[in-house]
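*Asks:* just to be clear, the model below is a prediction. Sequence and coordinates:
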Amino acid sequence: MKSASPSSLSNDAKPNLTDKAYAVIRRDIVSCALRPGAFLTEQQFRDRYSLTVAIARSALGRLTQDGLIQAEARRGYVVAPLTLRDVVEVFDARIIVEAGAARQATANMTPERLATITSAANPRLNADEKGPGFLAANRAFHLAVARATGNQRIVRMVERLLDESERVLHLGLVRFDRSDAYSDEHREVVELMKDGKSEAAAQLTAKQIDGGKQMVLAAIRSSAQFMNLDLGGLALDVALDPEGSEHG
């Protein structure tokens, strides 16, 4: 598999090249530059990203632990496929975990944490950074809320779920741009947290994540390109939201 403009790390003389390789490959997986279900050998990864054997194996090992790629013995690696079940389950898991995180963060709020979350809810984005480019700011906000809980296990859970959901959100935003709605909802969550309304903050967080879920399901319904994803052979008209909701 050949990238139109592959990222190269060969000229970078700085330390932590494994971290850099991991970050670049992870970015390409999350953005779907490496398509779900794609198969690449170790040599193809090395050629694509200009990596040494040691750096490639270390970075790919970390990505395997993250669940973003799957190792196939003596063959290579498969970019973690996406199924309809994956789409539904990851967003449902985010609703449970992140609504709880918003509730706990509100209860544990400090001026410093509130300032961090407020800043994350008001990113300075250029007009051309909306849509898929907005996902980094969206991620920063949700992680800021998770960190405000003071619970590192929650932070790690949210990071993992965001990795999984960003791949399908990236595809969904190609069809339906919710970046403005996300920004407004983030600021509303902050105001609720500032007022100590933990349950309302949790409910709005759940509503926002469900809106992302409905956007992705609508994108799957409306574009033939999504039919090429491994959706487990399910009948989409039955398995997807029967009312065709695109709210949130």
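*Replies:* Nice, I can see it. Numbers count the residues shown, from 1 in each chain.
*Asks:* use CA for all of it now, contacts and neighbours both
*Replies:* OK.
*Asks:* which stretches of this structure form strands?
*Replies:* 39-40, 69-72, 76-79 (DSSP state E).
*Asks:* now this structure, which segments are flagged as low pLDDT?
*Replies:* For the chain, the stretches flagged by pLDDT under 70 are 1-15, 125-133, 171-182, 222-248.
*Asks:* residue nearest the centroid of this structure?
*Replies:* Glu166 (2.3 Å; CA atoms, centre = their mean).
*Asks:* quick one: residues contacting that one.
*Replies:* Glu166 makes contact with 30-31, 135, according to CA atoms under 8 Å, 6 or more residues apart in numbering.
*Asks:* quickly note the distance from Asp28 to Gln152.
*Replies:* Separation of Asp28 from Gln152 (CA to CA, to the nearest Å) stands at 26 Å.
*Asks:* just Pro111 next, same as before
*Replies:* 19 Å.
*Asks:* higher neighbour count, these two?
*Replies:* Legend: neighbour count by other CA atoms under 10 Å for Pro111 and Gln152, higher for Gln152 (12 against 9).
*Asks:* if I pick the more buried one, what's in contact with it?
*Replies:* Shown in contact with Gln152 (CA under 8 Å, 6+ apart): no residues.
*Asks:* the same query, at a cut-off of 10 Å, please.
*Replies:* 146, 158 (CA atoms under 10 Å, 6 or more residues apart in numbering).
*Asks:* do the same with Ala56
*Replies:* Counting by CA under 10 Å, 6+ apart, Ala56 makes contact with 17-18, 21-22, 42-43, 45-47, 49-50.
*Asks:* same question, Val30
*Replies:* 36, 68, 162-171.
*Asks:* try it again at 6 Å.
*Replies:* 166-167 (CA atoms under 6 Å, 6 or more residues apart in numbering).
*Asks:* quick one: it and Ser198, what's the gap?
*Replies:* The spacing between Val30 and Ser198, counted by CA to CA, is 31 Å.
*Asks:* and Leu40, by the same measure?
*Replies:* 46 Å.
*Asks:* between the two, who's got more neighbours?
*Replies:* More crowded of Leu40 and Ser198, by other CA under 10 Å: Ser198, with 22 against 19.
*Asks:* pretty sure the more buried one sits against Thr106.
*Replies:* Yes - contact status for Ser198 versus Thr106: in contact at 5.3 Å, counting by CA atoms under 6 Å.
*Asks:* what's the overlap in contacts for these two?
*Replies:* Counting by CA under 6 Å, 6+ apart, Ser198 and Thr106 have no shared contacts at all.
*Asks:* mind listing the helices for the chain?
*Replies:* 17-30, 42-49, 53-66, 84-107, 111-121, 135-147, 152-175, 179-194, 198-222, 236-239 (DSSP state H).
*Asks:* which strands or helices does the fifth one pack on?
*Replies:* Going back to what we said before, that points to helix 111-121. Where contact means 3 or more CA pairs under 6 Å, 6 or more residues apart in numbering; DSSP states H and E, helix 111-121 is packed against helix 135-147.
*Asks:* tally of neighbours for the closest residue in space to Ile154 that isn't next to it in sequence?
*Replies:* Counting by CA to CA, 6 or more residues apart in numbering, Ile154 lies nearest to Ala146, which is 6.4 Å off, once chain neighbours are set aside. Ala146 has 28 neighbours, counted by other CA under 10 Å.
*Asks:* likewise for Asp66?
*Replies:* Residues near Asp66, counting by other CA under 10 Å, number 15.
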